[in-house]
Each structure stands twice: as C-alpha cells, then as structure tokens.
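S.K.: Pasting a predicted model and its sequence here:
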Amino acid sequence: MSKIEINNVYKIFGNNPAKVLPMVKDGASKEDILEKTGHTVGLDDVSINIEEGEIFVCMGLSGSGKSTLIRHLNRLIDPTEGEILIEGTNVMSLNNQQLIDLRRQKMSMVFQRFGLFPHKTVIQNVGYGLEMQGKAEEEIKKVAMEKINAVGLNGFENQYPNQLSGGMQQRVGLARALATDTDIMLMDEAFSALDPLIRSDMQKQLIDLQSELKKTIVFITHDLDESLKLGDHIGILNAGKLVQVGTPVDIIMNPADDYVAAFVKDVNRAKVIKAKIIMRPLDQSNGIDKNNLVKVQEDQFIEDFLPEVVCNNSNCEVVDKKGNVKGYITHNELQKSLKKT
C-alpha cells in the first residue's frame, strides 16, 4: 500500500467551482476557464502514488499547481473533487481534532521562507512541534538538541533567527520538522530562497539525513537540477495537469512531451544521475572485467567518480554504506547515461 495516494484530484479556485468542474472535465484549457468564468484551475485530474520512505519531488513552472498540490496533503486546501489517502485513510473524512492530530503527529512542513518565530531562540523554535504534542520539557530540550546537532547548528541553540544567515535559518526549519519525528515531511520550495552554494549544501544534507531516517518526503521545487538530484520519483505539472511521473532517469531519457523535453534538454546528466541508477545488478554482471575497479558509493553522482574512471580506464564496483557490493558500471552504462537524445 502506498504511503500517500492522490486520486483524481481537481481544484478550482473561484465563487462556484462545482459549476465550472464539468468544463474542466470536458477538456477546456486553464486559459479558457479563466477567460469565460473568472475561475482558476489549480489542479486538473491529478493522481499520484507516493511510496513509504521515498523522496517524491513535484516540479513545474510558477502557476503549474505544485504548491496547491502539497497543501492538499495536510488539508490546508480542500479539493473540489477527488480524494487524498494517507496510509489508506481519506483525509477528507477527518474531523477537526483528527486533522489537528494528523498535522501534529503524522506530518511536518518546511516552508520556503523558513517560518520561524522571531521571538523564540533556535532551540525553542526546533522544540515547538514537540511542545504542541504535549511532550515534557526535558524531552523537548533533549530531542531539540539532537536535531540541532544533526543539521550542524551546535552552539547556535540560544541565538534568535535574526542573528542567523538564511541558510542557518533554513537548517532550523529542517531541524524543527525532524524533531517531531513524523513519518511524512512536506517541503514547499524549502531551499529556493537560498544562495546557490548554501542551497547545494542543504540538498546534500537532506540526502545524507534521508539515507538514515527514510522519511516519506514530498518536495516542491521549480528547479529541475534540484528535482533530479533529490527525487526518487518526480512528478511534473503543467497548468494543473500532471504530464509525467518517473525516476530521474525516466524523466531525462524519455520525456513525455515537448514541455518536459524543453526542461531536460540542457541538463548536465553527470550532476544528477547516481551510480545506483545506472549500475548493472549483481545477477547481470557476468563478463564484466573486474580487475582494477574503481569503488563508488551507490548514492554518488556520476560527476563525482567520472574523472577517476576515465583516468584509470576502469569499470566501477558500486557499494552501499556498509561496503556491500550492489552492482557494477561499465563504460557502456556511462556512455548511455550521458548521451543526449
């Protein structure tokens, strides 16, 4: 069973969305709907299954519906039609108290503009969700400090947000989401306000944390490189419609339409494709030259190990964090993955 199921969700903004819904179902465009009715189509028949423990990235240009979609998951927005299932439970069936419990116990959210309380210190901000859960003060401090350490902010716990850089403030937001230990994390343009170098560092930190925590993360972005770097699966929205869902390699190698193709045409594939994506599994490794192998981690990107492979004219042995061999990469796999169609 999927962790999150989004089934045939429509969202129309305006005074009478129910009246406009048949027009949307009949195929009227977003532009026509706006011109003829004054209503805005946010989502148009979107269905997605998100598996437990994966990072699912939803991306698209401004106005594509991605932020509207993520706000349906915790019912900050209700759909015009369709259902949202969390572990099989339709969130539309929840009463107010059940919805509050869902938001406190099951989901946490990281916002684009950090969403920190300016009058609270770092440790107070990080512990806020635990406070809302009714945890004891001693436990709140203990867990908050653990998460502050996890995001590299040890020593800053008594600072206030205005004493921190933007990147540090976003780390506080991430630590706060981690502290509540929810199964699901919603991250809406979480790194978009950061400078490129800080953003890259935060992406790496999220990948490292996720390798240990295995949360179910829904990550919203308009940046293709970010989506390809972070996502186990990616959903691409255009004008409220879901035009493609797939792995990063699916999106790059087999774009579903011209809209997706335009996104991926200039991607540096070496920056976004991981070793585990292109490796040959062990049961298909017969005949591979296993002399003078370059050892690479399964989550390393091609650009990290490509120079050594080229210099040594070697194949790669792909291992997990414990050193267990997971597969092999030959020059054939590298060439196929880097070649633009």
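M.R.: Right, received. Where do you want to start?
S.K.: what stretches of the protein score poorly on pLDDT?
M.R.: For the chain, residues meeting the criterion pLDDT under 70 lie at 1, 112-114, 340-341.
S.K.: Tell me how many other residues crowd residue 311.
M.R.: The number of residues packed near residue 311 is 9, by other C-beta atoms under 10 Å. All C-beta spots, glycine's among them, are computed from the backbone N, C-alpha and C.
S.K.: for residue 159, same thing?
M.R.: Residue 159 has 15 nearby residues by other C-beta under 10 Å.
S.K.: can you give me phi and psi for it?
M.R.: When quoted as degrees, to the nearest 10, the phi and psi of residue 159 stand at phi -80, psi 160.
S.K.: list the contacts for residue 173?
M.R.: Going by C-beta atoms under 8 Å, 6 or more residues apart in numbering, residue 173 touches 110-111, 114-116, 190.
S.K.: And for residue 321?
M.R.: 211, 297.
S.K.: do you know how far it is from residue 203?
M.R.: 18 Å (C-beta to C-beta, to the nearest Å).
S.K.: and if you look at residue 13?
M.R.: Taking C-beta to C-beta, one finds residue 13 at 32 Å from residue 203.
S.K.: Have a look at the two and say which one is more surrounded.
M.R.: Each of residue 13 and residue 203 has its neighbours counted (other C-beta under 10 Å); residue 203 has more, 20 against 15.
S.K.: contacting residues around the helix or strand harbouring that one?
M.R.: Using DSSP states H and E, residue 203 sits within helix 196-213. Outside helix 196-213, the residues within contact range by C-beta under 8 Å, 6+ apart are 55, 150-152, 165-167, 170-171, 174, 178, 190-192, 194, 217, 226, 229-230, 299, 321.
S.K.: Please narrow those to those residing in strands.
M.R.: 55, 217 (DSSP state E).
S.K.: What's the ChimeraX line that selects buried ones from the contacts of helix 196-213?
M.R.: The buried residues among the contacts of helix 196-213 can be selected in ChimeraX (16 or more other C-beta atoms under 10 Å) with this line:
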select :55,150,151,167,170,171,174,178,190,191,194,217,226,229,230,299
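S.K.: Break this structure down into its domains, please.
M.R.: 4-267, 272-338 (automatic domain parsing).
S.K.: Return the most buried member of the ones you listed.
M.R.: Stretch with highest mean neighbour count among the domains of the chain: domain 4-267 (a mean of 18; mean count of other C-beta atoms under 10 Å).
S.K.: check contacts around residue 9.
M.R.: Contacts of residue 9 by C-beta under 8 Å, 6+ apart are 43, 45-47, 69, 72, 79, 81-84.
S.K.: Format those residues as CSV; extra columns: secondary structure and distance to residue 144.
M.R.: Converted to CSV, the contacts of residue 9 look like this (DSSP: H, G, I helix; E, B strand; the rest coil; distance: C-beta to C-beta, whole Å):
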residue, secondary structure, distance to residue 144
43, strand, 36
45, strand, 42
46, strand, 36
47, strand, 38
69, helix, 30
72, helix, 30
79, coil, 35
81, strand, 41
82, strand, 37
83, strand, 36
84, strand, 30
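S.K.: Which of the residues you listed sits closest to residue 267?
M.R.: Residue 267 lies nearest to residue 69 out of these, by C-beta to C-beta, at 23.2 Å.
S.K.: quick one: the closest one and residue 50 touch, right?
M.R.: No - using C-beta atoms under 8 Å, residue 69 is not in contact with residue 50; the gap is 11.2 Å.
S.K.: Identify the contacts common to these two.
M.R.: Shared contacts of residue 69 and residue 50 (C-beta under 8 Å, 6+ apart): residue 6.
S.K.: The residue nearest to the spatial centre of the chain pairs with what?
M.R.: For the chain, residue 219 is the residue whose C-alpha lies nearest the centre (C-alpha atoms, centre = their mean; 2.7 Å). As for beta bridges, residue 219 partners with residue 57, residue 187 under DSSP bridges.
S.K.: how about it, what does it touch?
M.R.: By C-beta under 8 Å, 6+ apart, the residues touching residue 219 are 55-58, 187, 190, 227, 230-231.
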